[in-house]
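In: This is a predicted model, with the sequence first.
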Amino acid sequence: MRRVEEIEQMTDLDMQTTAVVELLRVVQEAEPKLTELRERIVHARRARGESHAEVATAFRISRGRAQQIAEGRQTGRRSVRPAPDVTDEA
């Protein structure tokens, strides 16, 4: 797998495009698995007695985010609500 820095240095636009598409596909496929793995690791670290602050330091996230993960709460996922029905009453 190519690194982003390597892709940035490419001069052939077709090769660069292909490399970006390939890397984005890998990242998109890995994201749910990595999220699940992070949650399992957070739970394991908490089970062995680490504080939320210690878990946060290990993952380089805020203590609050470590607590959210430990409690199974998700953030960053905004619900999509339908736009309100706006009708002219004039």
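Out: Looks like it arrived, so ask away. Residues are numbered from 1 along each chain as shown.

In: now the most centrally placed residue in the chain, what's its secondary structure?
Out: By C-alpha atoms, centre = their mean, the chain has its centre lying nearest to Glu31, at 6.0 Å. Of the three states, Glu31 takes helix under DSSP: H, G, I helix; E, B strand; the rest coil.

In: where do the strands sit along the chain?
Out: Assigned strands in the chain: none (criterion: DSSP state E).

In: Flag the shaky bits of it, pLDDT-wise.
Out: Where the chain drops to pLDDT under 70, the residues are 1-2, 75-90.

In: Stretch 13-26: which residues count as buried?
Out: Within stretch 13-26, the residues that qualify as buried are 16, 19, 23, counting by 16 or more other C-beta atoms under 10 Å. In short, each C-beta sits where N, CA and C put it, glycine included.

In: typo on my end, it should be stretch 32-48
Out: 42, 45-46.

In: Relative to Gly64, which of those residues is nearest.
Out: Within the buried residues of stretch 32-48, the smallest distance to Gly64 is 13.0 Å, found for Val42 (C-beta to C-beta).

In: Would you confirm that that closest one contacts Glu71?
Out: No - Val42 is beyond contact range of Glu71, at 9.8 Å (criterion: C-beta atoms under 8 Å).

In: Now do the helices in this structure.
Out: Ranges of helices within the chain are 4-9, 13-47, 52-59, 63-70, based on DSSP state H.

In: what angle sits between the third one and helix 63-70?
Out: By that I understand helix 52-59. For helix 52-59 against helix 63-70, the angle by axes from the mean of the first three to the mean of the last three C-alpha atoms, to 10 degrees is 90 degrees.

In: other SSEs contacting helix 52-59?
Out: Counting contacts by 3 or more C-beta pairs under 8 Å, 6 or more residues apart in numbering; DSSP states H and E, helix 52-59 packs against helix 13-47, helix 63-70.
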